[in-house]
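**Student:** Take a look and give me a structure for this.
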Amino acid sequence: MSEIDNEEFCYICRRGESQCGKLIKIPGNIGICRDCMQSTLNTMQSAGFPGMDFGFNTNPMDFTEVDTTGANAQVASETNSEENNEENKENKKDEQRRVPNISMINLSDLTNLMPNRPKIKTHKKDEPIKPIIDLKDMPAPHKIKEALDEYVIGQEKAKKVMSVAVYNHYKRIASNQDDGVEIEKSNMLMIGPTGSGKTYLVKTLARILNVPLAITDATSLTEAGYIGDDIESVVSKLLAAADNDVEKAEQGIIFIDEIDKIAKKKNTNQRDVSGESVQQGMLKLLEGALVEVPVGASSKNAMVPMVTVDTKNILFICGGAFPDLEEIIKERLNKEASIGFRADLKDKYDDEPNLQTKVVVEDIRKYGMIPEFLGRLPVLFALEELTEDMLIEILSKPKNAILSQYKKLLAMDEVELRFEEDALRVIAAKAKEKKVGARALRAILEEYMLDIMYEIPKDDNIGIVTITKDYIEGKGAPQIQMRGVPQIEEVS
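**Tutor:** Numbers count the residues shown, from 1 in each chain. Predicted coordinates:
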């Protein structure tokens, strides 16, 4: 790691000394830039600065009628009688009615009210960036896939593509460009139905590699100047995930979910501030550019410090469900095989389960993604729709399987939880009908485990609970076995 520099920032506008110059130090160890100091003085002069009390009853700018006898009366009160003291008080009241009573604000008193200035870690510009992952310690693609297999069921092609792309990306960071050969970025675009594991794949991959990961949603992104998150906010989230370490963030991973929501809007007469314009703004991030991002906030403002981040070594992974994309794929496939006497039937692909795996770049372009955007996402792959067998494996096989979570919860009450194979198949069939992928499994289990989780803590003699097929189908009750009793009883 290179030497870390801690830059001083203006207390008001939060700009660093590299942007606004040397700061002016005031009591309380507070630094203010010259622009903010001048702006503060101008505001104070116009009597609009909070903390200044202009209490007067007459013309505040009328200083010619100020009676200075108050000072003489004060001197006289120290040497003469109490009558002069009373006259002094009257004169002071008269003076206050004519001269503004200005109480200067103490900026050091606002220390507890202002947010703490984040410490930004940067590296020297003249030093080369060292990769956070040493190639000697970097696992090979087959090792990465083996680690993904422990958490993700199925999706063999997707795991293989991601393993190779990530491995080549970090080889690109560590490569020597003195030979004139520069390796291009391997940004990815993954397509898959909801609940197929897109986000879970990226989370698992980042945990395996131990690199900063930022997950953001494209639905909140808008064109600069409109309500919503600026495009640079995705980089600021990665900077926060890297503990404001710029060098570490510049080698992290950004996953932009719901990327299909920024497709070009069709048949619209209004300005597309969250569609094609967002794609245009993201081009520089995907390609690699120096961007100024806010630290600790999603939008730029005067109270948030700014830092420059280079995105050329950041791996971007975009994912989306792309609903109705199957219709575009079927139209292309039918057009290719509907000419001549041996043409295929038009309904040949209507029942195709994994039609999205046949996607090509042309299909995504017709969906509404601009060619410049797709050109910066060279790795394109699709995830398979989950089958009943895959859903059954998802229930029990991964390291953090859903069944393992419930078994751990009941084990804390010293109760063993068991599931019959037929019961798991019925649960998978119900989840398949909901058409939301693996997300339906948790919802179904929560429904059936509610009464069990509520009743079990009442009786300390319960030892084993078995979930049966009849209980899932609503024809019976779960079976329980008491401690020290061999027979199994049904609980109504």
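**Student:** And the lengthiest helix in the chain, what does it pack against?
**Tutor:** Secondary structure of the chain per DSSP state H: the longest helix is helix 156-174. On a contact count with 3 or more Cβ pairs under 8 Å, 6 or more residues apart in numbering; DSSP states H and E, helix 156-174 meets helix 141-149, strand 188-191, helix 198-209, strand 379-382. (Glycine included, C-beta is placed from N, CA and C.)
**Student:** Just the angle for that helix relative to helix 141-149, thanks.
**Tutor:** 130 degrees (axes from the mean of the first three to the mean of the last three Cα atoms, to 10 degrees).
**Student:** now the helices and strands packed on helix 156-174 as a markdown table including distance to Glu421 and mean neighbour count?
**Tutor:** Below are these laid out as a markdown table (distance: least, Cβ to Cβ, whole Å; neighbours: other Cβ atoms under 10 Å):
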| stretch | distance to Glu421 | mean neighbour count |
| --- | --- | --- |
| helix 141-149 | 22 | 17 |
| strand 188-191 | 32 | 25 |
| helix 198-209 | 25 | 19 |
| strand 379-382 | 31 | 20 |
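**Student:** By mean pLDDT, show me the worst of these.
**Tutor:** Of all the helices and strands packed on helix 156-174, helix 198-209 carries the lowest average pLDDT, namely a mean of 88.
**Student:** avg pLDDT for the longest helix of the chain?
**Tutor:** Mean predicted confidence for helix 156-174 is 88.
**Student:** From here on, call the first residue 77.
**Tutor:** Okay, residue one is now 77; in that scheme the one you just asked about reads as helix 232-250.
**Student:** which residues touch it?
**Tutor:** Residues outside helix 232-250 that contact it (Cβ atoms under 8 Å, 6 or more residues apart in numbering): 205, 207, 209-211, 214-218, 220-221, 224-225, 228, 259-262, 264, 266, 268, 277, 281, 285, 327, 389, 391, 433, 455, 457-460.
**Student:** That one: which residues count as buried?
**Tutor:** Across helix 232-250, burial judged by 16 or more other Cβ atoms under 10 Å covers 234-246, 248-249.
**Student:** Kindly report the same for stretch 92-112.
**Tutor:** 92, 95-96, 99, 106-109, 112.
**Student:** And the helices and strands packed on helix 232-250: which comes nearest Ile556?
**Tutor:** Closest approach to Ile556 among the helices and strands packed on helix 232-250 (Cβ to Cβ): helix 274-285, 33.4 Å.
**Student:** Can you pull the domain assignment for this protein?
**Tutor:** The chain is divided into the following domains under automatic domain parsing: 93-186, 195-461, 464-566.
**Student:** Mind putting the helices and strands packed on helix 232-250 into TSV with distance to Ala553?
**Tutor:** Shown next, in TSV, are these (distance: least, Cβ to Cβ, whole Å):
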stretch	distance to Ala553
helix 217-225	37
strand 264-267	43
helix 274-285	34
strand 455-458	43
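**Student:** so the longest helix of the chain versus helix 274-285, what angle?
**Tutor:** 50 degrees.
**Student:** before we move on, the earlier item: export the buried residues of stretch 92-112 to TSV and tack on secondary structure?
**Tutor:** Putting the buried residues of stretch 92-112 into TSV (DSSP: H, G, I helix; E, B strand; the rest coil) gives the following:
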residue	secondary structure
Gly92	strand
Gln95	helix
Cys96	helix
Leu99	coil
Ile106	strand
Gly107	strand
Ile108	strand
Cys109	coil
Cys112	helix
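**Student:** now, which of those residues sits nearest Ala507?
**Tutor:** Gly92 (52.2 Å).
**Student:** Any idea what that closest one is bridged to?
**Tutor:** Note on Gly92: beta-bridge partners Phe85, judged by DSSP bridges.
**Student:** got the contact list for it?
**Tutor:** 83-86, 381-382.
**Student:** Angles on the backbone of the closest residue to Glu438 other than its chain neighbours, please.
**Tutor:** Setting aside the residues directly before and after it, Glu438 is nearest to Arg408 in space (Cβ to Cβ, 6 or more residues apart in numbering), at 7.1 Å. Main-chain torsions, Arg408, degrees, to the nearest 10: phi -70, psi -40.
**Student:** count of neighbours near Arg408?
**Tutor:** The burial count assigned to Arg408 is 17, neighbours taken as other Cβ atoms under 10 Å.
**Student:** Relative to Glu402, how far out is it?
**Tutor:** 11 Å (Cβ to Cβ, to the nearest Å).
**Student:** So, low pLDDT: which residues of the chain?
**Tutor:** 77-82, 120-211, 252-254, 300-301, 304, 343-348, 372-379, 412-427, 561-568 (pLDDT under 70).
**Student:** 80 - rerun?
**Tutor:** Along the chain, the model assigns pLDDT under 80 to residues 77-83, 103-105, 116-214, 251-258, 298-306, 341-351, 370-381, 411-430, 560-568.
**Student:** residue boundaries of the strands in it?
**Tutor:** 100-102, 106-108, 264-267, 289-293, 329-333, 366-370, 382-386, 391-396, 455-458, 492-495, 538-543, 555-558, 565-566 (DSSP state E).
**Student:** what's next to the fifth one, contact-wise?
**Tutor:** Translated: strand 329-333. 274-275, 278, 281-282, 287-294, 310-311, 313-314, 390-396.
**Student:** This completes my enquiry, with thanks.
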